[in-house]
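Trainee: sequence below, structure please.
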Amino acid sequence: MSNLHPLFPRVVYEESDLLLHELENYKDFFLKTTTFDSSPLLNVPSTHKTFDQFHTCNELQELVKVICQNVCNFTTQLGYSYDDIADLRLQNMWVNVSEQGSYIFPHIHSQSFISGVFYIECDSDDELVFFNNPNDVL
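Mentor: The predicted model follows:
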């Protein structure tokens, strides 16, 4: 079931239990094929600077398709028409590995119309998402 969360001036779309049958495959793929880098800005091992084109990998096309379907659902629920969103494209897709207590510093994806996150592995009681008011980050 999808939910819209109108937080501050941003709206958060949540979709649970996507591609559960593929999560282990995704985890294995990322861990076997990925070089992670750490930086003080990211504060977690990430491929953000080493490889941000996972959406082009054949192994992830089912995930890309589901992401695009959910972006379409999200934007149409916000009132955009299919013509309005016809030119949207997935530009970047990278991997972060967070451990318990990890966090990423508040930031803005300034070139993005929509930003998203897909969790592969977490505990059911983990607090997964915290979105800052973007006006506090400026």
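Trainee: so where does the most centrally placed residue in the chain fall, helix or strand?
Mentor: Centroid-nearest residue in the chain, with Cα atoms, centre = their mean: V117, separated by 1.9 Å. Counting by DSSP states H and E, no helix or strand carries V117.
Trainee: which residues of the chain score low on pLDDT?
Mentor: Under the criterion pLDDT under 70, the flagged ranges of the chain are 1, 4-10, 124-138.
Trainee: the strands in it, which residues?
Mentor: Residue ranges of the strands in the chain, as given by DSSP state E, are 2-7, 10-15.
Trainee: and the angle from the helix ranked longest in the chain to strand 10-15?
Mentor: When the chain is parsed with DSSP state H, its longest helix is helix 61-77. Helix 61-77 runs at 130 degrees relative to strand 10-15, counting by axes from the mean of the first three to the mean of the last three Cα atoms, to 10 degrees.
Trainee: give me the buried stretch members for helix 61-77, please.
Mentor: Within helix 61-77, the residues that count as buried by 16 or more other Cβ atoms under 10 Å are L63, I67, N70, V71, F74, T75. Glycine gets a C-beta too; all of them are placed from N, C-alpha and C.
Trainee: now stretch 36-48
Mentor: So stretch 36-48, judged by 16+ other Cβ under 10 Å, has buried residues F36, L42, V44, P45, S46, T47, H48.
Trainee: so what's W94 up against?
Mentor: By Cβ atoms under 8 Å, 6 or more residues apart in numbering, W94 lies in contact with S46, T47, H48, F51, D52, F54.
Trainee: contacts only, for the fourth one.
Mentor: Put plainly, it is F51. Shown in contact with F51 (Cβ under 8 Å, 6+ apart): T34, T35, W94.
Trainee: can you put those residues in CSV and add distance to S102?
Mentor: Below are the contacts of F51 laid out as CSV (distance: Cβ to Cβ, whole Å):
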residue, distance to S102
T34, 17
T35, 19
W94, 15
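Trainee: now V71. Nearest residue, chain neighbours left out?
Mentor: I114 (5.8 Å; Cβ to Cβ, 6 or more residues apart in numbering).
Trainee: right, and the one you found touches F74 too?
Mentor: Yes. I114 is in contact with F74 according to Cβ atoms under 8 Å; the separation is 7.1 Å.
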